[in-house]
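Student: what shape does this take:
(2 chains)
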Amino acid sequence: MSKSNSSYTKVSSSYISHKVNDIPPSGIRKFFDLLSSVEGVISLGIGEPDFVTPWHIREAAIYSLEKGYTMYTSNQGLPELRQELAKYLESYCGLSYDPDNELLITVGVSEGLDLALRAILNPGDEVIMPDPCYVAYPACTSLAGGIPILVPTTEENDFNIIAADIEQQITSKTKAILIGYPANPTGAVMVKKELTQIAELAQRHNLLVISDEVYGQLVYGVEHTCLASLPGMKERTILLNGFSKAYAMTGWRIGYAAAGKELIKAMTKVHQYTMLCAPIMGQMAAIEALRGGDNEVEAMVRDYDRRRRVMVRGLRDIGLSCFEPKGAFYAFPSIKITGMPSEEFAEKLLVEEKVAVVPGTAFGQCGEGYVRCCYATSLPEIEEALKRMGTFVNRHRHRQ
Amino acid sequence: MKQIFEALEKDARLTTEQISTMTGIPVAEVEKTIKKAEKNRTILKYKTTIDWAKLGEEQVWALLEVKVAPQRDVGFDAIAERIYRFPEARSVYLASGTYDLAILVAGKTMQEVAIFVSEKLAPLETVQSTVTHFILKKYKEDGEILEGGEAIKRLPVTP
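Tutor: Prediction:
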């Protein structure tokens, strides 16, 4: 690097805010760079469906482009989409949201999360969330001026966040609880009984709950409970959901927030200055997704379920203990028998056997000793990956 | 139960052990269910979809529209049976609309198909007329796209 270049780097890095500097880069991204340098890799490190968006949805979007729908929409999103969404939420979890005041179309759940946090947090406000959790939860909280308070969750408790553990962390600064079940990275689901305890706790301490339910439709043998549908919870829940996972629409970037009028108004205020609106093509596609019925979603869920069982069984057969994930499309096996930390395990597995998994530590300290394996990939690939992992585990288990 | 059949329909080569893992149903029960389904012809056969053109094999397919006169007591069934017994008729359907039977015919050459239509099918007593559409190109067969398909375009690691 030339001298002028390095001094340029020095100067430009001095411009970066402390807030951004202090946030660690996503552990998933870091791993991605390593992965790009190895060939012939089977990746279980993916966080999206291997299905392409169902054709009727793509076709509807193409048609809308042909018809010239290429402009801004209202800040809150296309009225037709919000109306369809209101109908859907009514039938899906028995909740009635006013499409004019209580729904906001966002650029994926990612934006919804950012808006929710920015709309509610004053500097120093605390947000309680499970550890491990999706990478954006703590980072977005910090960016919004809040303080993420991580509550450890364990395999013994099915990676559910326990109300009593939350209660211990509540202070006068606590503003909200942020949960995402079915969970990325663990595949954990919180059933109604457990969620009810969270709901009661939130009401007792007058807390808001941000509930990211983007994997809500991907559950296996259990029922997903919409947190907002529990008694007294609609007014204190910001429900975040989207089309990415259930409809295999990750690249369209369409999500939504459902909450009380005042909250949606505040979130819309941030949204209108920062994003203006979600892309119209995606919104048109989302309308078709809602109107098209759930047949294709159901078929995808059945397909994931078969692969889930193959993955979990396979991991157990090679000697890794694996908690049974009942939602999303991740398995979260313990790798403790190898004696390796998660990151070392993931790196060695990649280099030695060419299988990519994501170290559990990318999702928080409590992910140590675990790795995330996505089973939204073809069965032959899952089987081959399991074979390679078996060889790897065998080799390293005996070495101890 | 449905899961067993859905898995098998996607890949007929799955073993009962694999199906058991995929569905969570015990091996013995999977075996019993499949045996029973084979016996009562819920499972008709195990089939492979092959792109013969790739092997350089010439194969000619035609879609036939056939108008027939239904007969007293047996309706269309008797004539359909007479037709489906010919091995050239790969699929036979009763259809609504301007004709009665839709038949998929396969042969090695156009000549072979033509001979079947003119010498076997058309002369049948109750057949009133036939229209033969030769298939020019197959795009999709049994739910599988023959050429191109859709490659996976995902990045190898995503959140």
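Student: now the helices for the chain?
Tutor: Answering for chain A, as no chain was given. Using DSSP state H, the helices found in chain A span residues A:3-14, A:18-22, A:27-35, A:55-66, A:79-93, A:108-120, A:136-143, A:163-169, A:192-204, A:261-274, A:280-291, A:295-317, A:342-348, A:379-399.
Student: my bad, chain B
Tutor: Going by DSSP H, chain B shows helices at B:2-10, B:16-23, B:27-39, B:77-84, B:110-115.
Student: now tabulate these in JSON lines and tack on distance to chain A, mean pLDDT and mean neighbour count.
Tutor: Bear in mind the C-beta positions are built from the backbone N, C-alpha and C, glycine included. Below are those laid out as JSON lines (distance: least, Cβ to the nearest Cβ, whole Å; pLDDT from 0 to 100; neighbours: other Cβ atoms under 10 Å in any protein chain shown):
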{"stretch": "helix B:2-10", "distance to chain A": "6", "mean pLDDT": "92", "mean neighbour count": "15"}
{"stretch": "helix B:16-23", "distance to chain A": "4", "mean pLDDT": "95", "mean neighbour count": "20"}
{"stretch": "helix B:27-39", "distance to chain A": "12", "mean pLDDT": "96", "mean neighbour count": "14"}
{"stretch": "helix B:77-84", "distance to chain A": "31", "mean pLDDT": "93", "mean neighbour count": "16"}
{"stretch": "helix B:110-115", "distance to chain A": "32", "mean pLDDT": "94", "mean neighbour count": "14"}
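Student: ok so, going back, among the helices of chain A, which is the most enclosed?
Tutor: Most buried of the helices of chain A by mean neighbour count (mean count of other Cβ atoms under 10 Å in any protein chain shown) is helix A:108-120; its value is a mean of 25.
Student: which parts of chain B are strands?
Tutor: For chain B, the strands defined by DSSP state E occupy B:60-68, B:89-94, B:101-107, B:127-134, B:140-141, B:144-145.
Student: between the helices of chain A, which one is closest to B:Gly24.
Tutor: helix A:295-317 (5.7 Å; Cβ to Cβ).
Student: quick check: mean pLDDT of the closest one?
Tutor: For helix A:295-317, mean pLDDT is 95.
Student: any residue of it up close to chain B?
Tutor: Yes - applying Cβ under 8 Å from any Cβ of the partner chain, one finds helix A:295-317 touching chain B at A:Arg302, A:Asp305, A:Arg306, A:Arg307, A:Arg309, A:Val310, A:Arg313.
Student: of these, which is the nearest to chain B?
Tutor: Closest to chain B out of these is A:Arg306 (3.9 Å), distances taken as Cβ to the nearest Cβ.
Student: enumerate every residue touching the closest one.
Tutor: A:Leu379, B:Gln3, B:Ala7, B:Met22, B:Thr23 (Cβ atoms under 8 Å, 6 or more residues apart in numbering or on different chains).
Student: go on, A:Leu379?
Tutor: A:Leu379 is in contact with A:Arg306, A:Arg307, A:Val310, B:Asp11, counting by Cβ under 8 Å, 6+ apart.
Student: okay, the residue nearest to A:Pro185 when sequence neighbours are not counted: pLDDT?
Tutor: Closest residue to A:Pro185 apart from its sequence neighbours, by Cβ to Cβ, 6 or more residues apart in numbering or on different chains: A:Arg372 at 4.0 Å. Note on A:Arg372: pLDDT of 97.
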